[in-house]
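Trainee: next come a sequence and a model predicted from it.
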Amino acid sequence: MLSHLHNWFVAPDGIHEGTFTITNGSIDLSDFLQDGQYFRICGSVFNDGVYAYAAETLTDETFTGTIWALRVPLALSKLVAEIEDYENTAVAKPSPYKSESFGGYSYTRNTDSDGAPLSWKKAFRSRLNEWRKI
């Protein structure tokens, strides 16, 4: 989501360069991260991405790169959960039918102006714009 928004919410003085070692699936970043805080790994062979501290699912390696301490707003985290729920419902799944009805049942899908199913990007665009960077 952060990549989609072009906004990483980097904490002040939050980019840390150096050589880092991941052992037994985790990395010790307690010098600058708190439990549950998001961080981004850059420059790793196996682990580039965003994780919540203390991540224990990383692939063991030693790498020279950067780790970004992030400050993701709680409201955005809640919106991401809402988007995940949207993606997991029948509303977001592709279907050849825009609407159907039989007996006492009727179903109409959310669609865009072209009649295509409404993607999460379109459905949540206005609510995500608050955090978008160009």
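Mentor: Received, thanks. Residues are numbered from 1 along each chain as shown.
Trainee: which pLDDT value goes with the residue lying closest to Thr23 once chain neighbours are set aside?
Mentor: Among residues not flanking Thr23 along the chain, Asp60 sits closest, at 5.9 Å (Cβ to Cβ, 6 or more residues apart in numbering). (C-beta placed from N, C-alpha, C; glycine too.) As predicted, Asp60 sits at a pLDDT of 97.
Trainee: what about the closest residue to Cys42 other than its chain neighbours, which helix or strand?
Mentor: In space, and not counting its chain neighbours, Cys42 is closest to Thr66: 4.7 Å by Cβ to Cβ, 6+ apart. For Thr66, the element it lies in under DSSP states H and E is strand 61-70.
Trainee: helices and strands around that strand, which ones?
Mentor: Packed against strand 61-70 by the contact rule (3 or more Cβ pairs under 8 Å, 6 or more residues apart in numbering; DSSP states H and E) you find strand 10-22, strand 38-42.
Trainee: flag every buried residue along the first one.
Mentor: This means strand 10-22. Buried residues in strand 10-22, counted by 16 or more other Cβ atoms under 10 Å: 11, 14, 16, 20, 22.
Trainee: same check, this time on stretch 20-34
Mentor: 20, 22, 27, 29, 33.
Trainee: widest-spaced pair of the residues you listed?
Mentor: Ile22 and Leu33 (14.1 Å; Cβ to Cβ).
Trainee: neighbours of Lys78, how many?
Mentor: Counted with other Cβ atoms under 10 Å, the neighbours of Lys78 add up to 10.
Trainee: try the one 3 residues further on
Mentor: Counted with other Cβ under 10 Å, the neighbours of Ala81 add up to 10.
Trainee: can you tell me the helix or strand for it?
Mentor: Per DSSP H and E: helix 74-87 holds Ala81.
Trainee: distance check, the residue nearest to Cys42 against Gly43.
Mentor: Distance, Thr66 to Gly43, by Cβ to Cβ, to the nearest Å: 6 Å.
Trainee: any residues in contact with both of the two?
Mentor: Common contact partners of Thr66 and Gly43 (Cβ atoms under 8 Å, 6 or more residues apart in numbering): none.
Trainee: ok, back up a step: so which of the helices and strands packed on strand 61-70 is nearest Leu2?
Mentor: Nearest of the helices and strands packed on strand 61-70 to Leu2, taken as Cβ to Cβ: strand 38-42 at 7.8 Å.
Trainee: alright, that wraps it up for me.
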